[in-house]
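Student: need coordinates for the following:
(chains A and B)
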Amino acid sequence: MSYYSGKDGYLKYNGVTVAKVSNWSVSSTVETLDVTNLSSSDRAFVPGLRSSTGSATIFYYDEAAVPLLGRIIKTAAVGEPDILAIRLGWGTSKFIEGNCIITSGELNCAAGEIMQATIQFQFTGAPTSVSL
Amino acid sequence: MTIGPAFPDLVPTTRSMSPGDFASKIFRSQSGVEARVQYGNMAFNKTLDLEYSNINETDAAAIFDHYQNCKGTLYTFDLPPNPRKGNPAFDSALGGAGSTTNRFGAGAFGLRYRYAEPPQFASIKEGRMSVTIKLIGVIDS
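Tutor: Coordinates of the predicted model:
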């Protein structure tokens, strides 16, 4: 057993590791369907649809963020070829991987600060592989 | 009226009922005085709306099959206890269809339910559907 920290984390897209990732996060939610009926005294639910989203902040070092930003900030329309297999990992064997659409790309440039990009992504379908 | 199979014994998510009205005719004089003549001894056109939210597909299929077996809006049918469940002081949901404590029922009032219109089926997700049903109580001939 061991603790994990930011130095253990990494982000890959289509198998390629993205350099200089400052942070990433992932969130999964499942909707609930109300199945309460007129004979119930307490609300009852069954699981509905699940959705997972994530975000990452990447330092704009040696264009590390470009492959991800380029999926949304570009002259051409965003299409299905822009869906990426993103793996969010930590340690040697822990990861969450799934097909994702980059839903938001933000590039920040400010005086006195290192230029960085923030991306948000939406998983499409279930995660393809998980090891928590 | 041809009697179809009993309605599926499922507790609804929501239910609303209107007891219908008695046949009558209104006579109003030039002075505005109103006289009403009753033409029947039973209220009719009682309506019962049932909504089944997020039920499993098997139960939704049972409702669909019941509608088919009733030849749509043609046959009348009895309402079992569960569709009347939830307000026991108003409707005990016990006893036969003709029990006077069954205010959501039809039999005690000389009526029989039939579908007022085809039920509506909505797909929610795999395995789950919602169904909206409108029933109307008509005088049993």
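Student: helix, strand, or coil at the closest residue to chain A within chain B?
Tutor: Proximity of chain B to chain A (Cβ to the nearest Cβ) peaks at B:G86, 3.0 Å away. Every C-beta, even on glycine, is put in place using the N, C-alpha and C of the backbone. Look at B:G86: counting by DSSP: H, G, I helix; E, B strand; the rest coil, its state is coil.
Student: and B:T58, by the same measure?
Tutor: helix.
Student: where along the chain do the strands fall?
Tutor: Using chain A. A:9-13, A:16-17, A:21-34, A:45-59, A:84-90, A:94-108, A:116-123, A:129-131 (DSSP state E).
Student: not what I meant, chain B
Tutor: B:14-18, B:21-28, B:34-44, B:46-56, B:111-115, B:120-125, B:128-139.
Student: chain B contacts on chain A?
Tutor: A:L33, A:D34, A:V35, A:T36, A:N37, A:L38, A:S39, A:V46, A:G48, A:L49 (Cβ under 8 Å from any Cβ of the partner chain).
Student: reformat the strands of chain B as CSV; add distance to A:L107 and mean pLDDT.
Tutor: Converted to CSV, the strands of chain B look like this (distance: least, Cβ to Cβ, whole Å; pLDDT from 0 to 100):
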stretch, distance to A:L107, mean pLDDT
strand B:14-18, 50, 96
strand B:21-28, 69, 92
strand B:34-44, 71, 90
strand B:46-56, 43, 96
strand B:111-115, 60, 94
strand B:120-125, 38, 95
strand B:128-139, 42, 95
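Student: most tightly packed of the ones you listed?
Tutor: Mean neighbour counts were compared across these using mean count of other Cβ atoms under 10 Å in any protein chain shown; the top stretch is strand B:111-115, at a mean of 23.
Student: pull the CA atoms of that one into CSV?
Tutor: These are the backbone C-alpha positions of strand B:111-115, laid out as CSV (Å, rounded to 0.1, in the frame of the first residue of the first chain):
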residue,chain,number,x,y,z
LEU,B,111,-69.8,1.6,-14.8
ARG,B,112,-67.1,-0.3,-16.5
TYR,B,113,-63.8,1.0,-17.5
ARG,B,114,-62.4,1.0,-21.0
TYR,B,115,-59.5,2.8,-22.6
